[in-house]
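Asks: Got a sequence here, can you build the structure:
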Amino acid sequence: MIRATFPETETGHPRGAAPVGQLSELPALERVAIGLDRAWCDGGEGRALIAREIARVLPPAEVFAAVEEFDDLMRTMIAGQRRRIMRHGLECPCFCGDEAAFAQMIAAAAMRDRDDAMLFAATLVSGPAAFRLVAIAEALGQVFLRLARSAGPAAPHAGCGATRH
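Replies: Got it, this is the predicted structure:
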């Protein structure tokens, strides 16, 4: 007999939405990326907040273009999504798998690590959209880095090396 559903798919969370960590555990760059993603998805006031944040770190002549570029990044991600991309609320202290992939894609692109950025982008969007998404994220890299510097130091991590647990 073939089962219609499998126990491991009955988590109660849509794919990509399950909490995977706390924002306080993340470096500033990833926290900023998740915060901007959430603010943009909230619409009106959230998008005005993004413009104010970008205006804090860029010369006035560059703000409009950077805000438009961030809008293009988000619209590209939504238009090319493989499945509905999940997120948590603006004030939620945890983050989900999709938000983690987005934040890691932004961080890799900001550091000019195109290979890793592409891998993370490909978990969220189709192949053709991944190329465009990474290109936009790379162009916004300095904006994200400036926002991260203004957000404060990275959260301390326990232990040393690549393995935490």
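Asks: Strands of the protein, start to end?
Replies: With strands called from DSSP state E, the chain shows them at 19-22, 94-96.
Asks: Who are the packing partners of the longest helix seen in the chain?
Replies: Longest helix in the chain, counting residues (DSSP state H): helix 60-79. Contacts defined by 3 or more CB pairs under 8 Å, 6 or more residues apart in numbering; DSSP states H and E place helix 60-79 against helix 28-42, helix 44-57, helix 127-139, helix 141-151. No exception for glycine: its C-beta is placed from N, CA and C like everyone else's.
Asks: try it again with 10 Å
Replies: Using 3 or more CB pairs under 10 Å, 6 or more residues apart in numbering; DSSP states H and E as the contact criterion, the elements in contact with helix 60-79 are helix 28-42, helix 44-57, helix 97-110, helix 114-124, helix 127-139, helix 141-151.
Asks: just the strands of the chain: most buried one?
Replies: Comparing those by mean neighbour count (mean count of other CB atoms under 10 Å), strand 94-96 ranks first with a mean of 21.
Asks: Quick one: distance of that strand to the chain centre.
Replies: Centroid separation between strand 94-96 and its chain, computed with CA atoms, centre = their mean, to the nearest Å, is 11 Å.
Asks: Contacts for it, please.
Replies: 13-26, 30-31, 34-35, 37-38, 85-88, 102-103 (CB atoms under 10 Å, 6 or more residues apart in numbering).
Asks: Need the buried ones from the residues you listed selected in ChimeraX.
Replies: ChimeraX command restricting the contacts of strand 94-96 to the buried ones, with burial defined by 16 or more other CB atoms under 10 Å:
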select :16,17,23,25,26,30,31,34,35,37,38,85,87,88,102,103
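Asks: just to revisit the earlier point, save the strands of the chain as TSV, and put in distance to residue 129 too.
Replies: Output for these, formatted as TSV (distance: least, CB to CB, whole Å):
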stretch	distance to residue 129
strand 19-22	23
strand 94-96	20
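Asks: As a markdown table, the ones you listed with distance to residue 76 and mean pLDDT would be great.
Replies: Shown next, in a markdown table, are these (distance: least, CB to CB, whole Å; pLDDT from 0 to 100):
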| stretch | distance to residue 76 | mean pLDDT |
| --- | --- | --- |
| strand 19-22 | 24 | 94 |
| strand 94-96 | 20 | 95 |
